[in-house]
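*Asks:* return a 3D structure for these sequence lines:
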Amino acid sequence: MSSAAGVVTSDSAPFEAMVSDFPAPVPELAVASRSLILDVFPRAVEVVWAQQRTAGYGTGPRKMTDQFCWLAPYPKHVVFGFYYGTELPDPEGLLEGTGRLMRHVKIRRPEDLERAGLHDLVTIASTHRVPPPKG
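*Replies:* Numbers count the residues shown, from 1 in each chain. Next comes the predicted model:
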């Protein structure tokens, strides 16, 4: 299912194209990170910004008002970012960063996606400052 604005909920092709030219294991880590988000929030609206090499997830296309997290591939890891990370409980101490609101977790290997607390961060973030899904 997809829309003309590049917003997709089940078509992985735009996302996979965005991560395809990164060295292994980054594409696999990015796809697995995307799967975690969609497992927690199956109706997530995904917006892939190919030029920026980021993808955002939420209930609409606007970054700071409709979305709760983003993914950004880098040559050696994937950044699993949270728009309001400073406001999320993080008892496992996973979140990194120094920005006023945003925080992230670096995903360097498949085991990083199994770290205690990451699933909880996604679950809590999906309801924090995010409007309910439309329709």
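
*Asks:* report all helices and strands that the lengthiest strand in the chain contacts.
*Replies:* Longest strand in the chain, counting residues (DSSP state E): strand 67-73. Strand 67-73 is packed against helix 26-40, strand 54-58, strand 78-82, helix 118-125, with contacts defined by 3 or more CB pairs under 8 Å, 6 or more residues apart in numbering; DSSP states H and E. In this view, the C-beta of every residue, glycine as well, is placed from N, C-alpha and C.

*Asks:* now with 6 Å, please.
*Replies:* With contacts defined as 3 or more CB pairs under 6 Å, 6 or more residues apart in numbering; DSSP states H and E, strand 67-73 has these neighbours: helix 26-40, strand 54-58, strand 78-82.

*Asks:* now the ones you listed as a markdown table including mean neighbour count, distance to T98 and mean pLDDT?
*Replies:* Shown next, in a markdown table, are the helices and strands packed on strand 67-73 (neighbours: other CB atoms under 10 Å; distance: least, CB to CB, whole Å; pLDDT from 0 to 100):
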| stretch | mean neighbour count | distance to T98 | mean pLDDT |
| --- | --- | --- | --- |
| helix 26-40 | 19 | 22 | 97 |
| strand 54-58 | 24 | 19 | 96 |
| strand 78-82 | 25 | 13 | 98 |
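
*Asks:* can you list those in TSV and add distance to S126?
*Replies:* Below are these laid out as TSV (distance: least, CB to CB, whole Å):
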stretch	distance to S126
helix 26-40	6
strand 54-58	8
strand 78-82	10
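
*Asks:* name the residues that touch stretch 64-82?
*Replies:* Residues outside stretch 64-82 that contact it (CB atoms under 6 Å, 6 or more residues apart in numbering) are 19, 22, 26, 29-30, 33, 54-60, 83, 103-108, 125-126, 130.

*Asks:* poorly predicted segments of the chain, please.
*Replies:* 1-10, 135 (pLDDT under 70).

*Asks:* middle-most residue in it, spatially?
*Replies:* Nearest to the geometric centre of the chain sits W70, at 3.3 Å (CA atoms, centre = their mean).

*Asks:* ok, now how distant is that one from G117?
*Replies:* As for W70, its distance to G117 is 18 Å (criterion: CB to CB, to the nearest Å).
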